[in-house]
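Student: Coordinates only, no sequence provided:
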Ligand code: SAM
């Protein structure tokens, strides 16, 4: 997948793609990362990319021309099936289903904001979609863009070594992930739920399904709105709420 990122702090993006799963994806060519420094497209000696807002007000605004030249450069290298997005608190909330959907594209270009944001005319002219990572403000678009790109790239073939692990993650079936445990079996008088040590795969699956449903019900009931539970799911939930599913001791 072609990934273009337009930013005034390109090193943040490049550094992230040197470690972990994203580092391996870049090294193995599963993603073709291209970072465009907006300052390279400024036309004055000071490499100016921002200016004061018309109408007054605090802060600075990213200028149309350097941004548009950087995006044009990113598009020139990109495959035909490439979309241009921008990260902004005013965008649509980015979700797992968006990540899965956009992982089908041949290419994606994301533009990172700074300061007070962008000249609106740039958005109107060059941007296909706007994404927010939540209802709070961070200082720049690099972290939001990396969060979205990581979530998308995880869904590309061969990026995550164990393909099952992306199928098991939170949100995929509208529920949160089940609780996980690892060695040792007993720590600070806390035991691992005995069913996980039983070797009974069907019992393990039932335990996990019930735990996942319960956690979602308790923490994110909004995810379950509109869900019709199967007969099995109803039984699992009833069992778990009655305390039968709790087998951990202190
Ligand atoms: N003045 C803008 C507003 O109130 O909407 C906030 C600008 S913010 C300080 C600078 C840049 O960080 C934004 O242009 C955007 O690219 C990025 N950013 C900040 N918070 C974000 C969020 N929640 N989601 C996505 N991008 C965000």
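Tutor: Nice, thanks for sending it over. Note that the coordinates shown come from a computational prediction; the quantities given were computed from them, not determined experimentally. Residues are numbered from 1 along each chain as shown.

Student: List the contacts of the spatially closest residue to residue 78 that is not a sequence neighbour.
Tutor: When the adjacent residues along the chain are set aside, residue 78 lies closest to residue 107, with 4.4 Å between them (CB to CB, 6 or more residues apart in numbering). (Glycine included, C-beta is placed from N, CA and C.) Remark: with contacts taken as CB atoms under 8 Å, 6 or more residues apart in numbering, residue 107 is in contact with 1-4, 78-79, 81-83.

Student: which of those residues count as buried?
Tutor: Burial by neighbour count, 16 or more other CB atoms under 10 Å: within the contacts of residue 107 this picks out 1-4, 78, 82.

Student: who are the neighbours in contact with the closest residue to the ligand within the chain?
Tutor: The ligand sits closest to residue 113 of the chain, with a gap of 2.2 Å, by CB to the nearest ligand atom. When contacts are counted by CB under 8 Å, 6+ apart, residue 113 touches 62, 86-88, 140-141.

Student: Filtering those by proximity to the ligand, which remain?
Tutor: The overlap between these and the neighbourhood of the ligand (criterion: CB under 6 Å from any ligand atom) consists of 87-88, 140-141.

Student: Find the least confident helix or strand in the chain, judged by mean pLDDT.
Tutor: Of all the helices and strands that make up the chain, helix 163-167 has the lowest average by mean pLDDT, DSSP states H and E, namely a mean of 76.

Student: buried sites along the longest strand seen in the chain?
Tutor: If you go by DSSP state E, the chain has its longest strand at strand 82-93. Buried residues in strand 82-93, counting neighbours by 16+ other CB under 10 Å, are found at 82, 84-89, 91.

Student: which residues touch it?
Tutor: Strand 82-93 is contacted by residues 2, 4, 71, 74-75, 98, 102, 105-113, 117-118, 123, 126-137, 141, 144-145, 148 when judged by CB under 8 Å, 6+ apart.

Student: Low-confidence stretches in this protein?
Tutor: In the prediction, the chain carries residues with pLDDT under 70 at positions 244-250.

Student: domains in it, as residue ranges please.
Tutor: Under automatic domain parsing, the residue ranges defining each domain of the chain are 2-162, 186-242.

Student: how near is the residue nearest to residue 123 when sequence neighbours are not counted to residue 134?
Tutor: Setting aside the residues directly before and after it, residue 123 is nearest to residue 86 in space (CB to CB, 6+ apart), at 6.3 Å. Per CB to CB, to the nearest Å, residue 86 is found 16 Å from residue 134.

Student: Can you pull the residues of this structure lying near the ligand?
Tutor: Within the chain, the positions adjacent to the ligand are 87-90, 112-114, 116-117, 132-134, 136-141, 144 by CB under 6 Å from any ligand atom.

Student: Please flag which of these sit within helices.
Tutor: Secondary structure from DSSP state H places residue 144 of the residues of the chain next to the ligand in helices.

Student: Filter the residues of the chain next to the ligand down to just the buried residues.
Tutor: Among the residues of the chain next to the ligand, those buried by neighbour count (16+ other CB under 10 Å) are 87-89, 112-114, 117, 132-133, 140-141, 144.

Student: Out of those residues, which comes closest to residue 50?
Tutor: Closest to residue 50 out of these is residue 114 (7.4 Å), distances taken as CB to CB.

Student: residues in contact with the residue nearest to that closest one when sequence neighbours are not counted?
Tutor: Nearest non-adjacent residue to residue 114, counting by CB to CB, 6+ apart: residue 140, 4.8 Å away. Contacts for residue 140 were tallied using CB under 8 Å, 6+ apart; they are 8-9, 12, 112-114.
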